[in-house]
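A.B. asks: Below are the sequence and a predicted model; questions follow.
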Amino acid sequence: MTDEAPSPDGPNEFPSEEELPDNPVTVDDIDPFSVDDDDSDDIDDFAAAEWKTNTTANERIRTVSNRTTSPKSAGDIAETALVSETKARETLNKLAEDGIVRTHQTDSGQLYDRDPDWHLLKQIRQLASSKTLVNQIQRVKQELAAYTDKYDATEPEELLISDKELTQTELDDISHWRTAERSLSYLRAAYRLKEAKEQAVTVTDPGDRQAGNQATTHGRNHSPLQ
């Protein structure tokens, strides 16, 4: 017995009168975007199980604390990191001793969030090791120059406090302008850190000091920070 191919015009069999609904179906009865919430829960559970299998408790706590920008309790962090509250508090206190996490004593107990200074220094260290650091500096400087030329202003605040009624596009430009200025300050700090590390490696003894100073002077004459 062979299976017949389905008709391109639709099914070969239709419901009988008894199988038809008593009332006609309307558009409101049809939801093409209905989602089974149970499937979503299963996916979340699977992702959580996989994360727990592939990482240690300390790694998960550190990951969560790095993303914690507002103070949270050890219990809240423990729930996200899939660890016990005792383990979370133990690790968080150790991270606080290392200057990675800040603690806040409140009436309801101790809260934790990432230390902004440590996080900023981490970003600068990562930028300092980038092989495209100089190119990034030049690109951001070009972006800032474009805003300066476009609005005939040296900084976004000049445009913001002007008497001109700003459009949404101009407000977006102000936001991006400020972000670019902040990025340039990080990139400049990273470049100075990179220079300092290179000098520390180059100047290893008094005999090398003069050569190191000459290399530094030459580098400053062509500094991308200017």
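C.D. replies: Yes, it's here. As the structure is a prediction and not an experimental result, all values here were calculated from the model.
A.B. asks: list the buried ones in the helix or strand where Asp76 lies?
C.D. replies: For Asp76, the element it lies in under DSSP states H and E is helix 74-81. Neighbour counts over helix 74-81 (16 or more other CB atoms under 10 Å) mark Ala74, Asp76, Ile77, Ala78, Thr80, Ala81 as buried. Where you see a C-beta, it was placed from the backbone N, CA and C, and this is true even at glycine.
A.B. asks: Could you list the residues in contact with that helix?
C.D. replies: With contacts defined as CB atoms under 8 Å, 6 or more residues apart in numbering, helix 74-81 is touched by 57, 60-61, 63-65, 68, 84-85, 87-89, 92, 110, 112.
A.B. asks: What subset of the residues you listed is buried?
C.D. replies: Buried among those by 16+ other CB under 10 Å: Ala57, Arg60, Ile61, Val64, Ser65, Thr68, Lys87, Ala88, Arg89, Leu92, Tyr112.
A.B. asks: quick one: contacts for the second one?
C.D. replies: It stands for Arg60. In this structure, Arg60 makes contact with Trp51, Lys52, Ala81, Leu82, Val83, judged by CB under 8 Å, 6+ apart.
A.B. asks: Next, it: secondary structure please.
C.D. replies: Of the three states, Arg60 takes helix under DSSP: H, G, I helix; E, B strand; the rest coil.
A.B. asks: Then the fifth one?
C.D. replies: At Ser65 the chain is in helix, as set by three-state DSSP.
A.B. asks: could you say which helix or strand contains the closest residue to Leu160 other than its chain neighbours?
C.D. replies: Nearest residue to Leu160 in three dimensions, chain neighbours excluded: Ile174, at 5.7 Å (CB to CB, 6 or more residues apart in numbering). Mapping Ile174 onto the secondary structure by DSSP H and E places it in helix 168-202.
A.B. asks: for that helix, packing partners?
C.D. replies: Applying 3 or more CB pairs under 8 Å, 6 or more residues apart in numbering; DSSP states H and E, one finds that helix 168-202 makes contact with helix 116-128, helix 133-151, helix 156-160, helix 206-221.
A.B. asks: rank those by pLDDT, which is bottom?
C.D. replies: Lowest mean pLDDT within those: helix 206-221, a mean of 52.
A.B. asks: Closest one to Trp118 out of the contacts of Arg60, please.
C.D. replies: The closest of the contacts of Arg60 to Trp118 turns out to be Ala81 (CB to CB; 18.7 Å).
A.B. asks: can you pull the pLDDT of the closest one?
C.D. replies: You'll see Ala81 listed with a pLDDT of 95.
A.B. asks: Same check on Pro224?
C.D. replies: What the model reports for Pro224 is a pLDDT of 68.
A.B. asks: where's stretch 169-183 relative to the chain centroid, distance-wise?
C.D. replies: Its chain's average C-alpha position is 18 Å from that of stretch 169-183, according to CA atoms, centre = their mean, to the nearest Å.
A.B. asks: what are the C-alpha coordinates of it, in CSV please?
C.D. replies: Extracted C-alpha coordinates of stretch 169-183, given in CSV (Å, rounded to 0.1, in the frame of the first residue of the first chain):
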residue,chain,number,x,y,z
THR,A,169,18.1,63.6,16.2
GLU,A,170,20.1,66.4,17.8
LEU,A,171,19.4,65.0,21.3
ASP,A,172,20.6,61.5,20.1
ASP,A,173,23.7,63.2,18.8
ILE,A,174,24.3,64.8,22.2
SER,A,175,24.0,61.4,23.8
HIS,A,176,26.4,59.8,21.3
TRP,A,177,28.8,62.8,21.6
ARG,A,178,29.0,62.4,25.4
THR,A,179,29.6,58.6,25.0
ALA,A,180,32.4,59.3,22.5
GLU,A,181,34.0,61.8,24.9
ARG,A,182,33.9,59.2,27.7
SER,A,183,35.3,56.5,25.4
